[in-house]
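J.: A structural model of the following input is requested.
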Amino acid sequence: MVSVDQPASPLAPDLRLVARTHRRLEPLHSHVYFAPETDEHLTGAGLRPGRMVYFAGRAAAMGAVGPGVVTATFANFAPAIVARHLPRAWTLATPGQVLAARTAAARASLTRLLDGADESSLRELSGLLREACTALTPEARPLFAAHADLPWPDEPLLQVWHGVTLLREHRGDGHVLSVVRHGLTGLEALVTHTLTGRGFTRQAAQATRGWSDEEWTAALDGLTERGLVADGALTEAGQQLRASIEQETDALSAAPFVYLGVERTERVAALAGDLTGRLLGNGAFPAGVLSRS
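T.: Predicted coordinates for the structure are as follows:
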């Protein structure tokens, strides 16, 4: 826990290191959504391939939750697409079975994608991440809190996976808080993010999040009426809104790196950068999904 009485951290006035460190850690978690091992292991547990694997795999730490909980916590998926797969998934596999299969998938995919990675680097990173995660708190962070209830694995590779997952879900929960505070719906947040030229392309965003052309266009029209979009691009006001959301997200996710301090945070970024570079070089993400790496 970070005490409110602590002196201001050197990170506080400049969150660029926080953002850079999260960016380098993120693919160590998010690659699993594109890894063939995920479908292989979770369908082996009884789930149907594709979206059901994603929804149940990410939600299983919360238990056998329904579509409303997943729509609320995942934030930018079409409710209809979530309801198509939940709660049916829990009739095919229990949350415990799904969690075990997901862990096995993460082990297999990271072993393949990080082939040849230095074991001592994995151990060092896992130790730093575990220490950083002691600064995370659960208030208003449901996905983080659910995953934080899971035990830490014994293997350094899976310790890295678990630590990155905790940091990622904690940051994601904070991002949803910021999006709501800035007056955007989940779909509007997704649309504006694609217009930044970072992250998903529109085609990939609609395909993975389940929004129809009509729903996407309606969101664009609403954003245009509010002066955030013009001629299919973000206006200055839209750019400022997105920048404000990202800055607040960084601030809300800074606690673990404030706890570690600048030197050890830079070490996390360096270790994660090396691993992520290897992972990306080994084709962790399919072409055409992301606008920009």
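J.: alpha carbons only for contacts and neighbour counts from here, please
T.: OK.
J.: how much space separates residue 121 from residue 32?
T.: 21 Å (Cα to Cα, to the nearest Å).
J.: er, residue 98 actually
T.: For residue 98 relative to residue 32 (Cα to Cα), the value is 14 Å.
J.: so those two - more neighbours on which side?
T.: residue 98 (28 against 23; other Cα atoms under 10 Å).
J.: phi first, then psi, for that one.
T.: Phi and psi for residue 98, reported as degrees, to the nearest 10, are phi -70, psi -40.
J.: residue 229 too?
T.: Dihedral angles (degrees, to the nearest 10) for residue 229: phi -140, psi 140.
J.: what's around the closest residue to it other than its chain neighbours, how many residues?
T.: Leaving aside its sequence neighbours, residue 229 sits nearest to residue 235 (Cα to Cα, 6 or more residues apart in numbering; 5.1 Å). Neighbour count of residue 235, defined by other Cα under 10 Å: 16.
J.: over to residue 235: give its phi and psi.
T.: Backbone torsions for residue 235, taken as degrees, to the nearest 10, come to phi -80, psi 180.
J.: okay, now residue 154: neighbour count?
T.: By other Cα under 10 Å, neighbour count at residue 154 equals 8.
J.: for it, give its distance to residue 248.
T.: 34 Å.
J.: circling back to that earlier point, residues contacting the residue nearest to residue 229?
T.: 227-229 (Cα atoms under 8 Å, 6 or more residues apart in numbering).
J.: distance of it from residue 81?
T.: On the measure of Cα to Cα, residue 235 and residue 81 end up 30 Å apart.
J.: can you tell me the SS state at the nearest residue to residue 21 once chain neighbours are set aside?
T.: Once flanking residues are discounted, residue 21 sits nearest to residue 269: 4.7 Å by Cα to Cα, 6+ apart. Here residue 269 is recorded as helix under DSSP: H, G, I helix; E, B strand; the rest coil.
J.: who's in contact with residue 269?
T.: For residue 269, the contacting residues are 20-22, 24-25, by Cα under 8 Å, 6+ apart.
J.: could you rerun that using 10 Å?
T.: By Cα atoms under 10 Å, 6 or more residues apart in numbering, residue 269 lies in contact with 17-25, 125, 275.
J.: where do the strands sit along the stretch 151-293 of the chain?
T.: Remark: strands assigned in the stretch 151-293 of the chain by DSSP state E, counting those that start in this stretch are 229-230, 233-234.
J.: can you tell which of the ones you listed is closest to residue 162?
T.: Nearest of the strands of the stretch 151-293 of the chain to residue 162, taken as Cα to Cα: strand 233-234 at 35.7 Å.
J.: my read: residue 103 touches residue 38, true?
T.: Yes. Taking Cα atoms under 10 Å as the definition, residue 103 is a contact partner of residue 38 at 9.2 Å.
J.: what does the nearest residue to residue 87 once chain neighbours are set aside show for phi and psi?
T.: Residue nearest to residue 87 in three dimensions, not counting chain neighbours: residue 66, with 5.3 Å by Cα to Cα, 6+ apart. Note on residue 66: backbone dihedrals following degrees, to the nearest 10 are phi -90, psi -180.
J.: pLDDT score for residue 66?
T.: On pLDDT, residue 66 comes in at 98.
J.: can you check residue 169 too?
T.: 98.
J.: ok, it to residue 84 distance?
T.: Distance, residue 169 to residue 84, using Cα to Cα: 24 Å.
J.: mind showing which ranges of this protein have poor pLDDT?
T.: 1-14, 288-293 (pLDDT under 70).
J.: name the residue closest to the centre of it, please.
T.: Centroid-nearest residue in the chain: residue 168, 4.8 Å away (criterion: Cα atoms, centre = their mean).
J.: roughly how far does that one sit from residue 122?
T.: Taken as Cα to Cα, the span from residue 168 to residue 122 is 18 Å.
J.: also residue 21?
T.: 16 Å.
J.: could you do residue 137 as well?
T.: 25 Å.
J.: between the two, who's got more neighbours?
T.: Taking neighbours as other Cα under 10 Å, residue 137 and residue 122 compare with residue 122 leading, 20 against 16.
J.: tell me where the stretch 51-200 of the chain has helices.
T.: 51-59, 67-74, 79-83, 89-92, 95-113, 119-133, 142-148, 156-181, 186-195 (DSSP state H, counting those that start in this stretch).
J.: out of these, which gets nearest to residue 244?
T.: Each of these has some distance to residue 244 by Cα to Cα; the shortest is helix 156-181, at 8.8 Å.
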